[in-house]
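**Student:** turn this into a model:
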Amino acid sequence: MKSSITHGVKILSTGSAVPHFSLNNQTISEIVQTSDEWISTRTGIKERRLLTGSHQSVIDLAILASRKALDKISMDPSQIDLIILATSSPNDLFGSASQIQFKIGAVNAVAFDLTAACSGFVLGIVTASQFIRSGTYCNILVIGADVLSKWVDWSDRSTCILFGDAAGAAILQSCSDIENSILNFQLNTDGYYSSHLSIPYQDNDKPHAFLNLHQGSFKYLYMNGREVYKFAVSQVPLSILKCLNSLNMSVNDINWLLLHQANERILNAVAEKLSISRDKIIANLSKYGNTSAASIPLALDEALQESKIVDNDIVVIAGFGAGLTWGTIIVRWKEFTLG
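**Tutor:** Next comes the predicted model:
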């Protein structure tokens, strides 16, 4: 029987991985009609990493990010109780988390995929937190990983300039309320606008002769950039304020703002609406582009490696994207310690 005591949650370790191949704006301008200046001024992106080769998949990046997170704290994979893989580009439509579980040797872990695109890592952290708070699991590996280069139409300059491939991972652990670092969260979905950002399924034109059954395939990624921008800039600040208010905290308490790395204009507009200095924005999309579910854990891991985030900093994390979904997590950062 599981304990009825509510537990705290701390982020014990992080890790990240990106492909070796880098595609800069100049090279993209040789593929579609665009330029480095056009891309940079509208998105803030200078280059992105792509997973090339026929035998590479999202699993390879997720495994590398996971092993880095485990190695930082010398944790044996058998100590992991649950693996949540947030991805919208699995290499198996039935899910990829179980393959990661096997390949990293997490023999005691339950594993499942979570599909929420660019909001996936935030939803993964929240889901993991609920399992820990209830006492169901103690150590949970949350991975955000996507290889949207496989789903981008490389003749469509409105989308091919934006996306890159990456993976990021975090290990969450049960702790006392005093050590608790996940202070609160706030989540939203509005499916009315789901068509603005999607990889839609399309039936073929010729049904099965006997069954009248249509079978098809998924199309390329589609995005209505103007509407997604309007949605993010209007809804993300409201989500952040609501989450802060629930904790009796204010914008002045924020040390770092870590948003999904979609577009530099969105990052700056959200910060401006909240009256937060741009110096407090954690951003790395100039190097990697929009890596979907990987963007937040990748940026978090880099910020920690650069010692930007220190003990007791308040970090506001917000994801937004397809669904349309969006959400906020308020974190009081705690230095890595084994429980």
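
**Student:** could you pull out the helices for the stretch 1-150 of the chain?
**Tutor:** Listed in chain order, the helices of the stretch 1-150 of the chain (DSSP state H, counting those that start in this stretch) span residues 25-28, 36-43, 58-72, 97-104, 120-133.

**Student:** so how far is stretch 247-265 from its chain's centroid?
**Tutor:** Computed by Cα atoms, centre = their mean, to the nearest Å, the separation of stretch 247-265 from the middle of its chain amounts to 16 Å.

**Student:** buried set for it?
**Tutor:** Using 16 or more other Cβ atoms under 10 Å as the burial criterion, the residues of stretch 247-265 that qualify are 249, 251, 254, 256, 257, 258, 259, 260, 261, 262, 263, 264. Any C-beta I mention is one placed from the backbone N, CA and C, and that applies to glycine too.

**Student:** nearest to residue 232 among those residues?
**Tutor:** Closest approach between those and residue 232, by Cβ to Cβ: residue 262, at 6.9 Å.

**Student:** and for the closest residue in space to the closest one that isn't next to it in sequence, the neighbour number?
**Tutor:** Here the nearest residue to residue 262 in space, its sequence neighbours aside, is residue 290; by Cβ to Cβ, 6 or more residues apart in numbering that works out to 5.1 Å. Counted with other Cβ atoms under 10 Å, the burial measure for residue 290 works out to 25 neighbours.

**Student:** that older thread, which of the buried residues of stretch 247-265 sits closest to residue 125?
**Tutor:** Closest to residue 125 out of the buried residues of stretch 247-265 is residue 258 (11.8 Å), distances taken as Cβ to Cβ.

**Student:** can you count the residues close to residue 167?
**Tutor:** Here the number of neighbours of residue 167 (other Cβ under 10 Å) works out to 33.

**Student:** can you start the count at 802 instead of 1 from here on
**Tutor:** Sure, I'll start counting at 802 from here, so that last one is residue 968.

**Student:** show me the buried residues of stretch 1048-1066 that map onto strands.
**Tutor:** Secondary structure defined by DSSP state E assigns 1057, 1058, 1059, 1060 of the buried residues of stretch 1048-1066 to strands.

**Student:** run through the bridge partners of the third one.
**Tutor:** Applying DSSP bridges to residue 1059 yields these beta-bridge partners: residue 1118.

**Student:** now do the contacts for it.
**Tutor:** Taking Cβ atoms under 8 Å, 6 or more residues apart in numbering as the contact definition, residue 1059 lies against 1083, 1097, 1100, 1101, 1104, 1116, 1117, 1118, 1119.
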